[in-house]
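Peer 1: sequence first, then the predicted structure:
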Amino acid sequence: MKFLDLFSGIGGFRSGMEKAGHTCVGYVEIDKFARQSYEAMYRTKGLFSKNDIRTVRASEVPKADIWCFGFPCQDISVAGKQKGFAGARSSLFFATTRLIRDLKEKDKPSYLLIENVKNLLSINGGFDFLKLQIELDEIGYDVEWDVLDTAEVLPQHRERIYIVGHLRGRSTRKVFPIKRENAKATQPKVRQIGNISNSQSFNGNPQVGRVYDIRGISPTLNTMQGGGREPKIAIPVLTPERINKRQNGRRFKENGEPEFTLTAQDRHGVLLSGMCIRKLTPLECWRLQGFTDEQFYRAKSAGVSDSQLYKQAGNSVSVPVVYQIARGMIK
């Protein structure tokens, strides 16, 4: 089927959809660096393209069976100010539904595929998610959703809500639940073993200094950029020069528990095989989202900086997750 790639970023939706056999007819992306990567990675000649969803008119949108969009999550994420749909960026969801309202019934997409952070379910007491459902109902769509973790298909813990809208009156098939073939009985867990930043670093965000066990999976990738902000992987050793050092009687933490409380004595106490802590490279971050090395090098060869490559990986949807959903979308 044909699909439209809205808020396209570097094409996480596009890669997954095309892998499942669907065809892209257009894309919309406002970030110039994301467009730079996207246009280096995919064939875009002849496709419908706009920079800003707010300037798109329904009359110019190419007909498509599926609209894919992960509308901006900064106002919804627990790491943001949590304005929800009152925020300027997350309210762009309604700029998208406005276009659908303006389409003739025969031109409306049969499916909507929407992605956002898990917090969409609970922000503002759940009322924003209710608003989303009401809006989709009013423009003619029945919805189903599920929270999927990238760790099911890639070594990265990344829970996201995926919403599928079905246009009433069209013959569409239910997509969820997703059942993977040959799924492993157990999946590796994120194992946090310490933190090398203090509470005042990077505006108090604790994630930038967290250190993870090499036997676990990566934490959720984010859009942070700059030196030392990327995920750090190390063997589970705290303050190796002080073997008996403990916090609350322990030297290790279990998966899912809060980070160790940092002090001036143990903030640099994690090494990798006796060497300095190594941060993930931009290529490794792209791999953790399911992009190929060829795609990464096309973007890099287009002159995109490492800081932008980190940001783009963190902003993207996970390609294999989209692929699993896209497989279930048929006429």
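Peer 2: Nice, I can see it. Source: prediction; values computed, not measured. Residues are numbered from 1 along each chain as shown.

Peer 1: which parts of the stretch 1-150 of the chain are helices?
Peer 2: For the stretch 1-150 of the chain, applying DSSP state H, counting those that start in this stretch gives helices covering 12-19, 32-41, 92-101, 127-138.

Peer 1: list the buried residues for the shortest one?
Peer 2: For helix 12-19, burial by neighbour count (16 or more other Cβ atoms under 10 Å) applies to G12, F13, R14, S15, G16, M17, E18. In this view, the C-beta of every residue, glycine as well, is placed from N, C-alpha and C.

Peer 1: can you give me the angle that helix makes with helix 32-41?
Peer 2: 20 degrees (axes from the mean of the first three to the mean of the last three Cα atoms, to 10 degrees).

Peer 1: for helix 12-19, packing partners?
Peer 2: strand 2-6, strand 23-28, strand 66-69, helix 319-326 (3 or more Cβ pairs under 8 Å, 6 or more residues apart in numbering; DSSP states H and E).

Peer 1: at 10 Å instead, please
Peer 2: If contacts are counted by 3 or more Cβ pairs under 10 Å, 6 or more residues apart in numbering; DSSP states H and E, helix 12-19 sits against strand 2-6, strand 23-28, helix 32-41, strand 66-69, strand 111-117, helix 306-315, helix 319-326.

Peer 1: sorry, back to before: between all of the buried residues of helix 12-19, which two are separated the most?
Peer 2: Longest distance between any two of the buried residues of helix 12-19 is 11.2 Å, between G12 and E18; criterion Cβ to Cβ.

Peer 1: next, P177: secondary structure please.
Peer 2: Look at P177: counting by DSSP: H, G, I helix; E, B strand; the rest coil, its state is coil.

Peer 1: spatially nearest residue to it (excluding sequence neighbours)?
Peer 2: Nearest in space to P177, with sequence neighbours left out and distances taken as Cβ to Cβ, 6 or more residues apart in numbering, is D146 at 6.2 Å.

Peer 1: thought G328 was touching the one you found, still the case?
Peer 2: No. The pair formed by D146 and G328 falls short of the contact definition of Cβ atoms under 10 Å, at 11.4 Å.

Peer 1: report the set of residues contacting both of the two.
Peer 2: Residues touching both D146 and G328 (Cβ atoms under 10 Å, 6 or more residues apart in numbering): V164, V175, F176, I178.

Peer 1: do you know the pLDDT at the first one?
Peer 2: Yep, that's V164 we're talking about. We have a pLDDT of 97 for V164.

Peer 1: burial count for it?
Peer 2: Using other Cβ atoms under 10 Å, V164 is surrounded by 23 other residues.

Peer 1: what's around the residue nearest to D107 when sequence neighbours are not counted, how many residues?
Peer 2: If the residues on either side of it in the chain are set aside, D107 comes closest to K63, at 5.5 Å by Cβ to Cβ, 6+ apart. By the criterion of other Cβ under 10 Å, K63 has 12 neighbours.
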